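Asks: predicted model, plus sequence, below.
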Amino acid sequence: QAVVTQEPSLTVSPGGTVTLTCGSSTGPVTSGHYPYWFQQKPGQVPRTLMYDISKKYSWTPARFSGSLLGGKAALTLSGAQPEDEADYYCSLSYSGTRIWVFGGGTRLTVL
Amino acid sequence: EVQLVESGGGLVQPGGSLTLSCAASGFSFNTYWMHWVRQAPGKGLVWVSRINSDGTITTYADSVKGRFTISRDNAKKTLYLQMDSLRAEDTAVYYCARDLFDPWGQGTLVTVSS
């Protein structure tokens, strides 16, 4: 089964910009992996932020954006707010086997 | 309001079985694929299984293949996860989610311990 990799932790200053990435052990991440991004705060249910690389939900703050960057999926936060401090997970679909795989998560600190 | 409510979690001995349920409301359940995702205490999210809208296509993570069975009853608007041969490493909060991973249920805790 494929392994999806994320940075274990990142720190961003309030108002700053940070990019989280999501890589695949099988090769470059493409649109065919239908990348998703999720936010989870302590004690809360995960909330989906982004799907299909860069599509947002109605509740997704405009300061979040998604892209493909250097063979990985990327989530960029521009203008970080204290409430953005959370764990962020990505997931990729492997259509050949019809399975989904989550990354290990990135703990984002706003400090 | 679109809502998913899991139930059926609890304490079970290693080697035992448990069936989780996920009751759906507020949307046309029979038109959506559905997922199960789990999260061990203090750990990350792990995708478990997915089922298509009519229940004819199912896929599983390698870690549960052959032990877990996903199914659904569209008339009852309910998703199930039958878990057999449970191991300590299956201890987790189990979430159901609609396709596009939206929304998620609140989760139900499964503890495998003697």
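Replies: Structure received.

Asks: tell me which residues touch residue 13, please.
Replies: Just going to use chain A. Residues near residue A:13 by Cβ atoms under 8 Å, 6 or more residues apart in numbering or on different chains: A:80, A:110, A:111. Placement of C-beta: from N, CA and C, glycine included.

Asks: I was after chain B.
Replies: Residue B:13 touches B:86, B:112, B:113, B:114, counting by Cβ under 8 Å, 6+ apart.

Asks: distance of the spatially closest residue to residue B:70 that is not a sequence neighbour from residue B:65?
Replies: Once flanking residues are discounted, residue B:70 sits nearest to residue B:49: 4.2 Å by Cβ to Cβ, 6 or more residues apart in numbering or on different chains. Per Cβ to Cβ, to the nearest Å, residue B:49 is found 9 Å from residue B:65.

Asks: which of those two has more neighbours?
Replies: For residue B:49 versus residue B:65, the count of surrounding residues by other Cβ atoms under 10 Å in any protein chain shown is larger for residue B:49: 24 against 12.

Asks: where does that one land in three-state SS?
Replies: Here residue B:49 takes the strand state, with states given by DSSP: H, G, I helix; E, B strand; the rest coil.

Asks: quick one: it and residue B:60 touch, right?
Replies: Yes. Using Cβ atoms under 8 Å, residue B:49 is in contact with residue B:60, at 4.9 Å.

Asks: residues of chain A that sit close to chain B?
Replies: Within reach of chain B by Cβ under 8 Å from any Cβ of the partner chain, chain A has these residues: A:1, A:36, A:38, A:40, A:45-48, A:51, A:57, A:87, A:89, A:91, A:97-105.

Asks: out of those residues, name the ones that lie in strands.
Replies: A:36, A:38, A:40, A:47-48, A:51, A:87, A:89, A:91, A:99-102 (DSSP state E).

Asks: using JSON lines, lay out the residues you listed together with neighbour count and pLDDT.
Replies: Below are these laid out as JSON lines (neighbours: other Cβ atoms under 10 Å in any protein chain shown; pLDDT from 0 to 100):
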{"residue": "A:36", "neighbour count": "25", "pLDDT": "96"}
{"residue": "A:38", "neighbour count": "27", "pLDDT": "97"}
{"residue": "A:40", "neighbour count": "18", "pLDDT": "97"}
{"residue": "A:47", "neighbour count": "18", "pLDDT": "95"}
{"residue": "A:48", "neighbour count": "21", "pLDDT": "95"}
{"residue": "A:51", "neighbour count": "20", "pLDDT": "95"}
{"residue": "A:87", "neighbour count": "20", "pLDDT": "98"}
{"residue": "A:89", "neighbour count": "27", "pLDDT": "98"}
{"residue": "A:91", "neighbour count": "24", "pLDDT": "96"}
{"residue": "A:99", "neighbour count": "20", "pLDDT": "88"}
{"residue": "A:100", "neighbour count": "24", "pLDDT": "93"}
{"residue": "A:101", "neighbour count": "22", "pLDDT": "95"}
{"residue": "A:102", "neighbour count": "22", "pLDDT": "97"}
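
Asks: okay, those in a markdown table with distance to residue B:7 next?
Replies: Below are those laid out as a markdown table (distance: Cβ to Cβ, whole Å):
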| residue | distance to residue B:7 |
| --- | --- |
| A:36 | 26 |
| A:38 | 23 |
| A:40 | 22 |
| A:47 | 22 |
| A:48 | 22 |
| A:51 | 27 |
| A:87 | 26 |
| A:89 | 25 |
| A:91 | 25 |
| A:99 | 26 |
| A:100 | 23 |
| A:101 | 27 |
| A:102 | 24 |
